[in-house]
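S.K.: no letters, just coordinates:
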Ligand code: 0RQ
């Protein structure tokens, strides 16, 4: 660790995780590094959770997005989180959120840093706890496998606790582009006009004085394996690749497409992997998470550049990344999430947004977050940042869930994250619906016929026809007391089927 703390005087601040965790007081607002299980502090949160076991209290936790089990999991298990923003995917935390124990503020990821800066989260940051590769002579911080909201949290905090993670390779230095926008009324245009534009520093400005403690940590990122590519993901990938080729033929997209954004998880990873066997070349990526599929693209010589806010590969992918980091450095960059997910930049460079839905309705509204209208799954994440501002907005889902007991296409979404005004393309394993330029009734027929599972297609068409009749062909026909009956039927009988 001493090699990684390049300022001699700062070495006096090296303490144990327990000593640093003792600084945390009840109800503090804590801003942490981390975006997906990448680059989050581990040793101090584990020590804090241990302390909370005997001395119960809770804090408000602001992250970049989901983080690993040593942070969200450990603190949620001991009841240590009072309020949490802006995205999560941990089962213990989710149970706390859906059990009324944790107040969860589910935010657009691009907005979360400024929400904290503006004071919208109920006060300012009391302490930032951040994982770094190294600390420079000037006391600036070299981030690790994610950027997230770290730079903004460090900027706002008076006190910073730094975890130096010795498992993170020093070659990460130089892969970050740190830029925190000014706040209104002084904000300037964000000068990213190409995916690989560098607009900031390679370090997070911090300074020696703000650093309260430095804690060594040798726990690696808790990355997760992806499910093997299944038939459904493969089909979805085929549908979208064919669609892109047709778009190029129609002159609506350049030969190497436009910058790709893809969400987290198996489907997103599978879609990106589909490009590896395609004849697309010179692909550009402007996204949040860089997963295995992007390394495959780079290895296949098809990737021109990928900009993201975190490296979130599988354990194999992480090994591959570390081993070949010298090559990947040439083609990859991490930015703060307010830049990676910036609506301004997404609209300017014209990204192709590809995210996964829990369900969507016949008119093209999308639910990305809630199970049966009530239970929080993960959160909106970056899907809203991209969906509204992309050149082309695509949503993916298998046509059914829970072994066919649930149709992912429903008369009316039980919760709406993305409205019909934001969505262009829907893809299931059954097919693809391009609803650009269509009216709601036209959209409904296309979505039902192209995307719905055959078991549910007649039921959806029947609903649409009866709704048209009942409303005398209204703009968006619904039978209001029946629109959510599919969800209530599932909750009562265990299936949406009649
Ligand atoms: O539940 O694990 O209990 O079986 O939902 O579904 O099919 O495994 O899909 O892991 O890709 O997650 C939308 C949640 C999809 C994710 C969502 C059940 C299903 C399963 C998960 P089980 P799958 P995935 C950038 C973009 C929002 C944020 C976003 C997500 C579980 O992609 O959180 O897009 N997106 N960010 O059985 C009831 C349905 C269901 C259903 C699936 N219709 N009804 N349950 N499930 N469909 C990333 C970031 O912002 C960080």
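M.R.: Looks like it came in fine. None of the values given here were measured: they were computed from a predicted structure.
S.K.: every contact and neighbour count from this point should use C-alpha atoms.
M.R.: OK.
S.K.: got the contact list for the closest residue to the ligand within the chain?
M.R.: When scored by CA to the nearest ligand atom, the chain has residue 381 as its residue closest to the ligand, at 3.2 Å. Residue 381 is in contact with 65, 86, 87, 106, 107, 108, 109, counting by CA atoms under 8 Å, 6 or more residues apart in numbering.
S.K.: around the ligand, which positions in the protein sit nearby?
M.R.: 65, 263-267, 355-359, 368-369, 371, 377-383, 401-402, 406, 408 (CA under 6 Å from any ligand atom).
S.K.: which ones among the residues you listed map onto strands?
M.R.: 355, 356, 359, 371, 401, 406 (DSSP state E).
S.K.: mark which of these are buried, thanks.
M.R.: Restricting those to buried positions leaves 355, 356, 359, 406, with burial counted as 16 or more other CA atoms under 10 Å.
S.K.: what about the nearest residue to residue 338 once chain neighbours are set aside, distance to residue 343?
M.R.: Here the nearest residue to residue 338 in space, its sequence neighbours aside, is residue 110; by CA to CA, 6 or more residues apart in numbering that works out to 4.2 Å. Remark: distance between residue 110 and residue 343 (CA to CA, to the nearest Å) = 8 Å.
S.K.: mutual contacts of these two, please.
M.R.: By CA under 8 Å, 6+ apart, the residues touching both residue 110 and residue 343 are residue 385.
S.K.: with neighbour numbers in mind, choose between the two.
M.R.: Shown here are residue 110 and residue 343; by other CA atoms under 10 Å, residue 110 has more neighbours (25 against 19).
S.K.: and the more buried one, that one's in a helix?
M.R.: Yes - counting by DSSP: H, G, I helix; E, B strand; the rest coil, residue 110 falls inside a helix.
S.K.: show me the shaky parts of the protein.
M.R.: Across the chain, nothing is flagged by pLDDT under 70.
S.K.: scan it for its longest helix.
M.R.: helix 231-249 (DSSP state H).
S.K.: tell me the buried residues in it?
M.R.: For helix 231-249, by 16+ other CA under 10 Å, it's 232-241, 243-245.
S.K.: so which elements touch it?
M.R.: helix 266-276, strand 425-427 (3 or more CA pairs under 8 Å, 6 or more residues apart in numbering; DSSP states H and E).
S.K.: how about 7 Å then?
M.R.: helix 266-276 (3 or more CA pairs under 7 Å, 6 or more residues apart in numbering; DSSP states H and E).
S.K.: ok now the helix it packs on, how far from the chain's centre?
M.R.: In terms of CA atoms, centre = their mean, to the nearest Å, the gap separating the centre of helix 266-276 from the centre of its chain is 16 Å.
S.K.: ditto for stretch 403-420
M.R.: For stretch 403-420 - counting by CA atoms, centre = their mean - the centre lies 20 Å from the chain centre.
S.K.: and for it, what's in contact with it?
M.R.: Outside stretch 403-420, the residues that touch it by CA atoms under 7 Å, 6 or more residues apart in numbering are 358-368, 370, 372-373, 380, 384, 398-401, 452, 456, 460, 483-484, 494-497.
S.K.: give me the subset of the contacts of residue 381 lying in helices.
M.R.: Going by DSSP H, the helices hold residue 109 from those.
S.K.: just the strands in the stretch 101-250 of the chain please.
M.R.: 103-104, 127-132, 134-135, 141-142, 159-165, 211-217 (DSSP state E, counting those that start in this stretch).
S.K.: any chance of those in CSV, plus distance to residue 8 and mean neighbour count?
M.R.: Output for the strands of the stretch 101-250 of the chain, formatted as CSV (distance: least, CA to CA, whole Å; neighbours: other CA atoms under 10 Å):
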stretch, distance to residue 8, mean neighbour count
strand 103-104, 41, 20
strand 127-132, 17, 29
strand 134-135, 11, 28
strand 141-142, 15, 26
strand 159-165, 15, 26
strand 211-217, 13, 22
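S.K.: and residue 183, which of those strands is closest to it?
M.R.: Closest approach to residue 183 among the strands of the stretch 101-250 of the chain (CA to CA): strand 127-132, 19.8 Å.
S.K.: tell me the strands beside that closest one, with direction?
M.R.: Strand 127-132 has the following sheet partners, assigned by DSSP bridges: strand 29-32 (parallel), strand 159-165 (parallel).
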